[in-house]
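[1] Starting from these lines, generate the structure:
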Amino acid sequence: MSSRERRQKQKQWRLNSSKYREKNQNVRKNLERLMNETPPASPVSQAKPSSRVNAVKNETVALRRRRQLRNQRAILYGRIAKLEKKLKEE
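    Just a heads-up that it's a prediction; the model follows:
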């Protein structure tokens, strides 16, 4: 049995366990009580949808961040490879 199948089987078993059902019940009760007891929120002005300029800026920022992470990861893997090579030589 593969690890994926084992996890799926465990998940089913966990969902059917009484402890899980009790916890779930408690969470639902607490949530229901919270919803009933808390006063309705005061109306808040809706945020304006971001303009196309902001969307483009966000995309470029995300792209730059992904590049940075990729670069950092490559540097780290390079260092690890050097260390492993050094350890093999010793």
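[2] how far does the longest helix anywhere in the chain sit from the chain's center?
    If you go by DSSP state H, the chain has its longest helix at helix 52-89. Averaging C-alpha positions (CA atoms, centre = their mean, to the nearest Å) puts helix 52-89 20 Å from its chain's average.
[3] In that helix, which residues are buried?
    By 16 or more other CB atoms under 10 Å, helix 52-89 has no buried positions at all. Just so you know, the C-beta spots here come from the backbone N, C-alpha and C atoms, and that holds for glycine as well.
[4] average pLDDT across that helix?
    Average pLDDT, helix 52-89: 90.
[5] same check, this time on stretch 17-26
    Across stretch 17-26, pLDDT averages out at 83.
[6] Not counting its own residues, what contacts that stretch?
    With contact meaning CB atoms under 8 Å, 6 or more residues apart in numbering, stretch 17-26 is reached by R14.
[7] Would you mind writing the CA trace of that stretch as PDB?
    Extracted C-alpha coordinates of stretch 17-26, given in PDB (Å, rounded to 0.1, in the frame of the first residue of the first chain):
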ATOM      1  CA  SER A  17     -13.700   8.500  15.000                       C
ATOM      2  CA  SER A  18     -15.900   9.600  18.000                       C
ATOM      3  CA  LYS A  19     -13.300  12.000  19.300                       C
ATOM      4  CA  TYR A  20     -13.300  13.900  15.900                       C
ATOM      5  CA  ARG A  21     -17.100  14.000  15.800                       C
ATOM      6  CA  GLU A  22     -17.200  15.400  19.400                       C
ATOM      7  CA  LYS A  23     -14.600  18.100  18.600                       C
ATOM      8  CA  ASN A  24     -16.500  19.000  15.500                       C
ATOM      9  CA  GLN A  25     -19.700  19.300  17.400                       C
ATOM     10  CA  ASN A  26     -18.100  21.500  20.100                       C
END
